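>>> Dropping the sequence and predicted coords here.
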Amino acid sequence: MNQIFEVPAILDVLEQRPQIGLNIVTREAVEAVMEHNPQAIFPVAGECLEGVKVLNGGWVCVDFTRRPAPPRYKSKGGDGTSDLCMCWAVFPGQKRPTVMLKEYQGTWGPWQMVGTRYDLARRPYDLGMEAKEIFGVVIASWGPEGRLLWKRDPESFPEELGTASSIHGGNVGDPISMKEATA
């Protein structure tokens, strides 16, 4: 538990940064922190959110009392932003779920969907997956040197996840047989 610490305020510079350990945080550790803290700071291990300024070797503050909102699509009058969350999900190609930081993509039928936001100049694709559980929303991000990269007001996030489907449509029509296609 020494890799996580309480949040008295969102500071411009994290002077007392926890050391980043070799282990990835477990679900049990997150649940134990959630029992006693409405917010906590966690070290970041990975590059899957560098496109939204959550940097490998940095830190994030997670608010466990709030949940991400559906993306605010520009095509529907929004500003194009989306929320980041700490979740329990299975990364594509893996067999077991793990605790991850991901971009919240919305509700698709019964599933809460999350995904990566790589720096597309360095990695030309992103991945989506189902979140088995969402623990909370990311409200701040600090870089590896401890400088604040961005923060958001926790009150700007809902207390509950939406249940109405926010991901609609598809780009594949009904199948036709090869006989019909070549006739």
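Arrived safely, thanks for sending.

>>> okay, and for the protein, where does confidence drop off?
Residue ranges of the chain with pLDDT under 70: 1-9, 16-22, 73-75, 78, 80, 169-178, 180-183.

>>> Packing partners of the longest helix seen in the chain?
Of all the segments of type helix in the chain, defined by DSSP state H, the longest one is helix 27-36. Contacts defined by 3 or more C-beta pairs under 8 Å, 6 or more residues apart in numbering; DSSP states H and E place helix 27-36 against strand 98-108, strand 128-142. (Glycine included, C-beta is placed from N, CA and C.)

>>> CA atoms only for it, dumped as PDB, please.
What follows is helix 27-36 as a C-alpha-only set of coordinates in PDB (Å, rounded to 0.1, in the frame of the first residue of the first chain):
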ATOM      1  CA  ARG A  27      -8.200  -5.200  -7.400                       C
ATOM      2  CA  GLU A  28      -8.000  -6.000  -3.700                       C
ATOM      3  CA  ALA A  29      -5.600  -3.100  -3.000                       C
ATOM      4  CA  VAL A  30      -7.900  -0.700  -4.900                       C
ATOM      5  CA  GLU A  31     -10.900  -1.900  -3.000                       C
ATOM      6  CA  ALA A  32      -9.000  -1.500   0.300                       C
ATOM      7  CA  VAL A  33      -8.100   2.100  -0.600                       C
ATOM      8  CA  MET A  34     -11.700   2.900  -1.700                       C
ATOM      9  CA  GLU A  35     -13.000   1.800   1.700                       C
ATOM     10  CA  HIS A  36     -11.100   4.600   3.500                       C
END
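
>>> contact partners of that helix?
The contact list for helix 27-36 (C-beta atoms under 8 Å, 6 or more residues apart in numbering) reads 1, 4, 40, 64, 86, 88, 97-99, 135-136.
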